[in-house]
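Visitor: fold the following, please.
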Amino acid sequence: MRQYPIHNIPFQNLQEKNMSFEEVFDHIVEFMKLHPSGNYRLMVGTDSQVHKKHTVFITGIVIQQVGNGVWACIRKVTIPRRMTQLHERISHELSLTEEIVSMFTEERKNQLIDIVLPAVYQGATFIMEGHIDIGIGKRNKTSEFVKEMVARMESMGVEPKIKPNAFVASSYANRYTKLE
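Guide: Numbers count the residues shown, from 1 in each chain. This is a model prediction of the structure:
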């Protein structure tokens, strides 16, 4: 198991491996520049899976031009122990999401906003969302953590999304947590 300092863990998708965050950001910029008058959602979310001797966390970054495609990538973090306490695991998922969100500094967010700004009056939009793999349903074991986790996302100035609207965490990232 390869260990990286947390900020140096590479990103990947089906086309590219070992991308730095700067390369990921460049892909997002290029994707948005293709249609600067689009409606964009930049979404970050993390899911986890407990395996026999370790726990895998996958954080997904998705830039969506609503109704017109996406560009996405993931980052995998492996903790060399079984994290069986639900609150600890959910909190760690959110910490990894918060870490990626914090890499989108005000300067970087402004750079993305500047792409759509000339077309705002024609309907162009940009929003950043934090997808949290929790839900409020009565049978959902994570419902007691919703207020805490939503407040953490809001404190970062990011629109929190929970199940069933947290598809980056609950669907995209989830697909990669099971691979071993």
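
Visitor: show me where this protein has its helices.
Guide: Under the criterion DSSP state H, helices of the chain are mapped to 21-34, 86-103, 106-116, 146-155, 167, 174-177.

Visitor: just send the ones you listed back as JSON lines, with distance to G137 and mean neighbour count too.
Guide: Just so you know, the C-beta spots here come from the backbone N, C-alpha and C atoms, and that holds for glycine as well. Below are the helices of the chain laid out as JSON lines (distance: least, CB to CB, whole Å; neighbours: other CB atoms under 10 Å):
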{"stretch": "helix 21-34", "distance to G137": "33", "mean neighbour count": "16"}
{"stretch": "helix 86-103", "distance to G137": "15", "mean neighbour count": "18"}
{"stretch": "helix 106-116", "distance to G137": "32", "mean neighbour count": "15"}
{"stretch": "helix 146-155", "distance to G137": "10", "mean neighbour count": "15"}
{"stretch": "helix 167", "distance to G137": "16", "mean neighbour count": "18"}
{"stretch": "helix 174-177", "distance to G137": "17", "mean neighbour count": "18"}
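
Visitor: please name the bridge partners of the spatially most central residue of the chain.
Guide: Most central in the chain under CA atoms, centre = their mean is V44, positioned 1.7 Å from the mean C-alpha point. With DSSP bridges as the criterion, V44 is bridged to I61, G130.

Visitor: measure it to F21 for me?
Guide: 12 Å (CB to CB, to the nearest Å).

Visitor: quick revisit: can I get the helices of the chain in a markdown table including mean pLDDT?
Guide: Listed next are these as a markdown table, based on pLDDT from 0 to 100:
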| stretch | mean pLDDT |
| --- | --- |
| helix 21-34 | 98 |
| helix 86-103 | 95 |
| helix 106-116 | 97 |
| helix 146-155 | 94 |
| helix 167 | 90 |
| helix 174-177 | 83 |
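
Visitor: closest one to I74 among the ones you listed?
Guide: The closest of the helices of the chain to I74 is helix 174-177. By CB to CB, the value is 5.5 Å.

Visitor: can you spell out which helices and strands pack onto that closest one?
Guide: In terms of contacts (3 or more CB pairs under 8 Å, 6 or more residues apart in numbering; DSSP states H and E), helix 174-177 is packed against strand 39-50, strand 55-65.
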